[in-house]
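In: what would the 3D arrangement of this be:
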Amino acid sequence: MNKKLAAALSGGAVLVLTLSGCSDDSDNKVNDWAKKVCDQVQPQLQKIANANAAIQQQTADNSKPADVQKTDSAAFQQISGAYKALGTAVQSAGAPPVDGGETTQKEAVKELNASSAAYADLKTKVDALDTKDQAKFADGLKDIADELNKISTNGDQALKKLQSGEVGSAMAKQKGCQKPTASAPPASAPSAPASPSPSEKASEKASDDKAGDEKAGDKSSDEKAGDKSSQES
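Out: Okay, here's the model as predicted:
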């Protein structure tokens, strides 16, 4: 039911996820600009990757509509916030020091903010879906997936331009601009041995005390036997 949505997300155009190559022909000013942007970009790319992974986990045919809705809604909100932050990162870094850098920067920020608004709109739409009617819910998800495809394929020309040429080469070298791996759920830790309850502790102590008394009694009997033997001899 959620598979088309997950497929559409996986093909989404996200800033600097398509960067490749490690050319060293960019100058220091461009490298400094790329580092300034990429240091802020990585946490947002991680949020987007985690949100995509969460939607992927709700692709089973037996997933409950209410669970799918809750997951998708939270994921869209997280992606929307990440795109907004990406726009802020590119804006705060200033124009890249290359020809036409100011225009490219402004257009990239505009596109990132538009993507943020588009995902916020998708969240509103998924929240409005009827989870009680599975057929209607599935149709609603299909419409949302179609809109997601449009977001992924349109309106990324400025981002592609930002990722090309000298600026793209400089950004490709920055670790913060590399595609992150979605965080896996924490592995379940082995169960720690249960601590004995106060009553169990008391019971154990009583048993130990009783064992001690019996041991002392046995010792006393042995001593008495030894004294009697001495007197008879």
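In: for the host helix or strand of residue 150, enumerate the helices and strands it packs against.
Out: Taking DSSP states H and E as the criterion, residue 150 maps to helix 134-153. If you count contacts as 3 or more CB pairs under 8 Å, 6 or more residues apart in numbering; DSSP states H and E, helix 134-153 packs onto helix 3-10, helix 65-92, helix 101-127. C-beta: built from backbone N, CA, C; applies to glycine.
In: what mean pLDDT does that helix have?
Out: In this model, helix 134-153 has a mean pLDDT of 87.
In: past it, which element shows up next along the chain?
Out: Next element after helix 134-153 (DSSP H and E): helix 157-162.
In: buried ones in that following helix, by neighbour count?
Out: 158-159, 161-162 (16 or more other CB atoms under 10 Å).
In: cool, and stretch 118-133?
Out: For stretch 118-133, by 16+ other CB under 10 Å, it's 118-120, 122-123, 125-126, 129.
In: ok, back up a step: the helices and strands packed on helix 134-153: which one's closest to residue 40?
Out: helix 65-92 (3.7 Å; CB to CB).
In: in the closest one, what's buried?
Out: Buried-residue list, helix 65-92, by 16+ other CB under 10 Å: 65, 68-69, 71-73, 75-91.
In: I'd like to know which elements that helix is packed against.
Out: Against helix 65-92 (3+ CB pairs under 8 Å, 6+ apart) you get helix 28-56, helix 101-127, helix 134-153.
In: if we go to 7 Å?
Out: Here helix 65-92 touches helix 28-56, helix 101-127, going by 3 or more CB pairs under 7 Å, 6 or more residues apart in numbering; DSSP states H and E.
In: possible to save those as TSV with mean pLDDT?
Out: Formatted as TSV, those follow (pLDDT from 0 to 100):
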stretch	mean pLDDT
helix 28-56	89
helix 101-127	92
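In: which of those sits closest to residue 134?
Out: Per CB to CB, nearest to residue 134 of those: helix 101-127, 14.8 Å.
In: could I get the buried residues of helix 157-162 as TSV with distance to residue 96 and pLDDT?
Out: Putting the buried residues of helix 157-162 into TSV (distance: CB to CB, whole Å; pLDDT from 0 to 100) gives the following:
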residue	distance to residue 96	pLDDT
158	12	70
159	13	75
161	10	79
162	8	80
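In: just to revisit the earlier point, got the helices and strands packed on helix 65-92 as CSV, with distance to residue 177 columns?
Out: Listed next are the helices and strands packed on helix 65-92 as CSV, based on distance: least, CB to CB, whole Å:
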stretch, distance to residue 177
helix 28-56, 4
helix 101-127, 13
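In: nearest to residue 178 among the ones you listed would be which one?
Out: helix 28-56 (8.0 Å).
In: and that closest one, what does it pack onto?
Out: Secondary elements touching helix 28-56 (3+ CB pairs under 7 Å, 6+ apart): helix 3-10, helix 65-92, helix 165-172.
In: could you dump those helices to TSV with mean pLDDT and distance to residue 101?
Out: Compiled in TSV, those are given as follows (pLDDT from 0 to 100; distance: least, CB to CB, whole Å):
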stretch	mean pLDDT	distance to residue 101
helix 3-10	66	31
helix 65-92	93	11
helix 165-172	86	7
